[in-house]
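Colleague: I need the structure of the sequence given here:
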Amino acid sequence: MNKLPRVFCSLRISHRNFMPLTTVLLCNAKENLRTYCQGQSNKEISVPIKTTDQEEHQYEENIKKNILAKALDFVQKTGWSIESLAQGAEAAGYPGVAHGLFPNGGGDLVHYFNITCNEKLVEQMKSWPKGELKESKVPAQLIENAIMMRLLMIEPYKSTWPKAMAIQALPNNVPNCLATLLSLVDDICYHTGDRSVNFNWYIRRVGLAGIYKASELFYLTDSSQNNSGTRSFVKSRIRDAELIQIALNVNPVAVAPQTLTAAFVTAKNMLGMNSLK
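Modeller: The predicted structure follows:
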């Protein structure tokens, strides 16, 4: 079924007896517009109105984003679920059955949340002072701050996040999960000064993805004040990654096979493939 936008417009005519036009339904063909006159019979005129596929797609995407944004308000009560999507649709002014726009159900809601958080993190990293960035070394403190900043965005949904992680591990949600994770680590690397174009590009990003996912699990069980335990955990994992990087620089031929194997295992863990039969 085509989802056609409905807009409101009026026809300016010099004759004072003509009243404004009412609702106009947009489509790709000529549409009959009914004018209402005082003292005269209703008349119809044909006006060619066209909308492109791109405009219709954007219109639908805007509706979906509006519903997803509203649905986040219900996650704490009904979780990352179709119920939250249905309530979000109603809060946005659409019928609850509009949750059918999201074939992956709660997976689409988790994906939207991840994308939104990644975009917020990028905007904040852009405002960081650039004086600490050096081509020779990526500052570990900035990476630590970026990871912590991103983790704390989960705080309002911390009690429901284990369920969100389980949803992301479902086969139909794995591609979106991996895409948002890789986008996250790439943005962190770039905005903390990583401009490498060699083998280190891959090692740093896969390594950082592993650090983030491990830190995410730790964060969910952390009850320390101001999440100090999570920060210490992140700091330790970054230090370990720096030691691996040093080993690669000293003897890349000897260390590379073990590093690639570890990277492959990490990637499988991120995707949940090790638990899939």
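Colleague: please enumerate the helices of the stretch 1-150 of the chain.
Modeller: Taking DSSP state H, counting those that start in this stretch as the test, the helices found in the stretch 1-150 of the chain are 53-71, 75-78, 82-91, 106-126, 140-152.
Colleague: of all these, which one comes closest to D186?
Modeller: Across the helices of the stretch 1-150 of the chain, D186 has its closest neighbour in helix 106-126 (9.9 Å, CB to CB). All C-beta atoms are positioned from the backbone trio N, CA, C, and that covers glycine.
Colleague: that closest one versus helix 82-91: what angle between them?
Modeller: Going by axes from the mean of the first three to the mean of the last three CA atoms, to 10 degrees, helix 106-126 is angled at 70 degrees with respect to helix 82-91.
Colleague: so what's R205 up against?
Modeller: Neighbouring residues of R205 by CB atoms under 8 Å, 6 or more residues apart in numbering: L182, V185, D186, C189.
Colleague: V234: which of those residues is nearest?
Modeller: Distance ranking of the contacts of R205 against V234, using CB to CB, places V185 first at 13.4 Å.
Colleague: what's around the closest one, how many residues?
Modeller: Per other CB atoms under 10 Å, the neighbour tally for V185 reads 22.
Colleague: ok, it touching L208?
Modeller: Yes: between V185 and L208 there is a contact under CB atoms under 8 Å: 4.3 Å.
Colleague: picking that back up, by mean pLDDT, show me the worst of the helices of the stretch 1-150 of the chain.
Modeller: For those, mean pLDDT drops lowest on helix 53-71, to a mean of 91.
Colleague: check the gap between S224 and T230 for me.
Modeller: According to CB to CB, to the nearest Å, S224 stands 7 Å off from T230.
Colleague: now I211, nearest residue through space, not along the chain?
Modeller: Nearest residue to I211, sequence neighbours excluded (CB to CB, 6 or more residues apart in numbering): R237, at 4.4 Å.
Colleague: wait, a helix at the one you found?
Modeller: Yes: counting by DSSP: H, G, I helix; E, B strand; the rest coil, R237 is located in a helix.
Colleague: distance of it relative to F102?
Modeller: Taking CB to CB, one finds R237 at 34 Å from F102.
Colleague: tell me who's in contact with K70.
Modeller: Contacts of K70 by CB under 8 Å, 6+ apart are Q87, G88, A89, A91, A92.
Colleague: for the stretch 101-250 of the chain, give me the ranges with low pLDDT.
Modeller: For the stretch 101-250 of the chain, the stretches flagged by pLDDT under 70 are 131-138, 197, 199, 244-250.
Colleague: how about a cut-off of 50?
Modeller: Along the stretch 101-250 of the chain, segments meeting pLDDT under 50 span 136.
Colleague: that one: strands as residue ranges?
Modeller: Using DSSP state E, counting those that start in this stretch, no strands are found in the stretch 101-250 of the chain.
Colleague: residue ranges of each domain in this protein, please.
Modeller: Annotated domains of the chain cover 6-51, 60-102, 104-275 [automatic domain parsing].
Colleague: next, give phi and psi for T192.
Modeller: Backbone torsions of T192, given as degrees, to the nearest 10, read phi -110, psi 10.
Colleague: if I look at E90, how far off is F74?
Modeller: Distance, E90 to F74, using CB to CB: 10 Å.
Colleague: same check on P95?
Modeller: To F74, P95 is 16 Å away according to CB to CB.
Colleague: those two: who's more crowded?
Modeller: The neighbour count for P95 versus F74, taken as other CB under 10 Å, is higher for F74 (19 against 10).
Colleague: which ones are touching that one?
Modeller: Going by CB under 8 Å, 6+ apart, F74 touches E83, S84, Q87, G88, A91.
Colleague: and with 6 Å instead?
Modeller: F74 makes contacts with S84, Q87, as judged by CB atoms under 6 Å, 6 or more residues apart in numbering.
Colleague: deepest-packed of the helices of the stretch 1-150 of the chain, please.
Modeller: Of the helices of the stretch 1-150 of the chain, the one with the most neighbours on average (mean count of other CB atoms under 10 Å) is helix 82-91, at a mean of 21.
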